[in-house]
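>>> Below: sequence and its predicted model.
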Amino acid sequence: MKYHQIDAQLFIKNRKNFASKMKPNSIAVFNSNDIYPISADSTMPFQQHRDIFYLSGVDQEESVLMLFPDCPNENLREVLFLTETNAHIAVWEGEKLTKEAATKTSGVQTIYWLQDLEKVLFEMASYADTFYINTNEHYRANVATETREDRFTKWLLAKHPAHSVAKSNPILQRLRSVKDQIELDLMQLACNITEKGFRRILDFIKPGVWEFEIEAELLHEFVRNRSRGFAYTPIIASGNNANVLHYTENNQQCKAGDLILFDTAAEYANYSSDLSRTVPVSGKFTDRQKAVYNAVNQVKKEATKLLVPGTIWKEYHVEVGKLMTSELLKLGLIDKADVQNEDKNWPAYKKYFMHGTSHHIGLDTHDYGLLHEPMQANNVFTVEPGIYIPEEGFGIRLEDDVVIQEQGDPINLMQNIPIEADEIEDIMNP
């Protein structure tokens, strides 16, 4: 890992909060992600399963966490299983967690090597009535791969068929959506790294530069500041590419007079940031570009004010739609007849702003959160309105990450990242 070690108190607190929601005499099990193959002996870079990380801080493959708050054997109420490290592994793969290091990282006192799992689990299971299994129930999930967690669940339930089964995910959805101050500090660090990358490219952009060259500049700045890199696949979309919402080719040359839409941000310690900005290749917006830009920025400012405790996500998007409708009318992109005759299931504004405005963010870029429940303090949301005009050859999206407060407007974790059109022009034309 590149990041500084996280205070284990975060993970101790997270486990305590999870355990308080469990049924009596139950065991919850959490697995690391696989290392996924590419071909031959090549693999994708490892990324830890966010749930075991959230509960333990362990950022290593082939790890298993078990929680059994009611276990009569006090030593088995929290147990971590790790791959045994040795000198050979240290030479070929790098040092893995020792038992002592795992306790320092997680706060878990009982550590076993993975080869002891079946024996220890048998003892734990003999005291328990229920297993909590961990399935991916995120509203955007579409998983074709059988994960390590899936395989373990199959084995567990086949081995212990008389136990009842409960789900961990609803508990995690609720807990993970409300951030601890340590988590907010980590997310702020991710946003600060993103700011450094954005300021770097404002000095770099000029007519003739290639989208992938900008991507390289961002990656350089992120990694040199202890980030693993991009929190998600970067979008660097010049000209009409910006009208493809998930454009990730990043292989076109940026032309004078065009805009570049960025949806690029850094991660830090597995926590995501999520930034969108749109800047002029030549350093100056045209009058039309600036008018559309300022309209998007106005919607973003007003939408942010709606993110307060008690707000319902679905109702919030209806209100943002009204804000966007007003701006599109001013820009002449729609008229009153369009609004009067609109399909309520696909309002007129959707022609130019077809995606949602906000999503939870945290350990995942599209983080856990129960969208049918009212928003509450320390939820962290993106705010990302956009206007996309293929017939005019450009699209604009602006996005920040904000923390809902008990009282007043949210705190913007990206408040130091330039966003006003005049400020961007000033930086690009010193």
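Yes, it's here.
>>> Could you name the helices and strands sitting against the strand or helix carrying residue 11?
Here residue 11 sits within helix 9-19, counting by DSSP states H and E. Helix 9-19 is packed against helix 50-56, strand 64-67, helix 169-177, helix 181-204, with contacts defined by 3 or more C-beta pairs under 8 Å, 6 or more residues apart in numbering; DSSP states H and E. Backbone N, C-alpha and C define where each C-beta goes, glycine included.
>>> One more pass at 7 Å, please.
helix 50-56, strand 64-67, helix 169-177 (3 or more C-beta pairs under 7 Å, 6 or more residues apart in numbering; DSSP states H and E).
>>> Measure how far the second one is from the centre of its chain, please.
If I follow you right, that is strand 64-67. Taking C-alpha atoms, centre = their mean, to the nearest Å, one finds strand 64-67 lying 24 Å from the centre of the chain it belongs to.
>>> avg pLDDT for the helix or strand that that strand is followed by?
Per DSSP H and E, the first helix or strand lying C-terminal to strand 64-67 is strand 78-82. With pLDDT averaged residue by residue, strand 78-82 scores 98.
>>> same deal with stretch 172-185?
Stretch 172-185 comes out at a mean pLDDT of 98.
>>> Tabulate the helices and strands packed on helix 9-19 (JSON lines), appending distance to residue 142.
Listed next are these as JSON lines, based on distance: least, C-beta to C-beta, whole Å:
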{"stretch": "helix 50-56", "distance to residue 142": "17"}
{"stretch": "strand 64-67", "distance to residue 142": "26"}
{"stretch": "helix 169-177", "distance to residue 142": "15"}
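>>> could I get the ones you listed as a markdown table with distance to residue 289 and mean neighbour count?
A markdown table is the format used below for these (distance: least, C-beta to C-beta, whole Å; neighbours: other C-beta atoms under 10 Å):
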| stretch | distance to residue 289 | mean neighbour count |
| --- | --- | --- |
| helix 50-56 | 38 | 25 |
| strand 64-67 | 51 | 24 |
| helix 169-177 | 36 | 19 |
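>>> Residue 76: how many residues sit nearby?
18 (other C-beta atoms under 10 Å).
>>> Residue 334 - how many residues pack around it?
20.
>>> Next, it: secondary structure please.
coil (DSSP: H, G, I helix; E, B strand; the rest coil).
>>> Please tell me the pLDDT value assigned to it.
98.
>>> Hmm, it is touching residue 347, no?
No. Residue 334 is beyond contact range of residue 347, at 9.7 Å (criterion: C-beta atoms under 7 Å).
>>> just to revisit the earlier point, closest to residue 224 out of the helices and strands packed on helix 9-19?
helix 50-56 (23.6 Å; C-beta to C-beta).
>>> which other helices and strands contact that closest one?
Here helix 50-56 touches helix 9-19, strand 26-31, strand 64-67, going by 3+ C-beta pairs under 7 Å, 6+ apart.
>>> wait, which of the ones you listed is closest to residue 248?
strand 26-31 (29.3 Å).
>>> rewinding a little: between the helices and strands packed on helix 50-56, which gets nearest to residue 176?
Nearest to residue 176, of all the helices and strands packed on helix 50-56, is helix 9-19, at 8.5 Å by C-beta to C-beta.
>>> okay, that closest one in PDB with CA atoms only?
Below are the C-alpha coordinates for helix 9-19, written out as PDB (Å, rounded to 0.1, in the frame of the first residue of the first chain):
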ATOM      1  CA  GLN A   9     -10.100   2.800  15.900                       C
ATOM      2  CA  LEU A  10     -12.100   3.200  12.700                       C
ATOM      3  CA  PHE A  11     -12.300  -0.500  12.100                       C
ATOM      4  CA  ILE A  12     -12.900  -1.300  15.700                       C
ATOM      5  CA  LYS A  13     -15.900   1.000  15.700                       C
ATOM      6  CA  ASN A  14     -17.200  -0.300  12.400                       C
ATOM      7  CA  ARG A  15     -17.100  -3.900  13.700                       C
ATOM      8  CA  LYS A  16     -18.900  -2.800  16.900                       C
ATOM      9  CA  ASN A  17     -21.600  -1.100  14.900                       C
ATOM     10  CA  PHE A  18     -22.100  -4.100  12.600                       C
ATOM     11  CA  ALA A  19     -22.200  -6.600  15.600                       C
END
